[in-house]
Structure formats: C-alpha cells, structure tokens
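>>> Have a look at this prediction, sequence included:
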Amino acid sequence: AARRGDQAWRLGGAAEEEAADLRAVEAAAALLTERVIPSFAERCRDLELLPLDGAQLAAQLHQEGVNLRYLGRVHAAAAAAPAPYLRDLAEREMVARAAKHVVRAALRRTG
C-alpha cells in the first residue's frame, strides 16, 4: 500500500498492476510539478493567464489538469518565475481554504 499523509491506500489489482499504477501516478505527479505548474506560473508572469481571484485561479488550474492540492507548488513556482501577483493569490487561497476547514470543524463541534 502506498502512503498519503497518515492514511494508507491501495490502487487495487495484482501486485504487478499495483506497481505499474503507482509508477503512472508518480509520473503524472512529476509531470505536473516539473512542467505543467512551472509553465502555468510563467504564463501568469507573462500575463497570458490572469486569474483575478481564487475562483478564477481554481478554474484555470483545473483547466490545466492541476488539482488544488498542488497550491503550495503553484506558490513556489510563482515565487521562482517570478510572478508576485500569482504568489500572493495562491497564498491568499491557501489561507482561505485552511480557515474554511478550521471554521467548519468548529461549527461541527458546536452544533
């Protein structure tokens, strides 16, 4: 079983199939982090893409095939590009999403 956070998950199938699936997942993640996300940051730097808020950022990342769990990588790529407005937007979106989880957890506890 592969590990993600504190939870184990299985891809399923025979051991050979599971190993092949895991390699495919790792290759897809590498493609996203090494090519797709840096390219996205560069296009934002060059103003080819211009997400103005978190919703537009999410929509444009999804169009590129990037899940929002990669927001930290987007932030790092924006800092490296450099694309300061994208870095700031990614930062605000990460804070907003974290705050949303905290507030929802507090609301569940209180009733």
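Yep, it's here. Computed from a predicted structure; not experimentally measured. Residues are numbered from 1 along each chain as shown.

>>> Now residue 82: which helix or strand?
Element membership of residue 82, judged by DSSP states H and E, is empty: it is in no helix or strand.

>>> For it, give me the backbone phi and psi.
Main-chain torsions, residue 82, degrees, to the nearest 10: phi -80, psi 140.

>>> burial measure for the nearest residue to residue 93 once chain neighbours are set aside, as a count.
With Cβ to Cβ, 6 or more residues apart in numbering as the criterion, residue 93 has its nearest non-adjacent residue at 4.3 Å, and that residue is residue 54. Placement of C-beta: from N, CA and C, glycine included. Burial measure for residue 54: 17 neighbouring residues, criterion other Cβ atoms under 10 Å.

>>> from what I can see residue 54 touches residue 94, true?
No. If you go by Cβ atoms under 8 Å, residue 54 and residue 94 don't touch, sitting 9.6 Å apart.

>>> can you give me the strands for the protein?
Under the criterion DSSP state E, strands of the chain are mapped to 2-4, 7-9.
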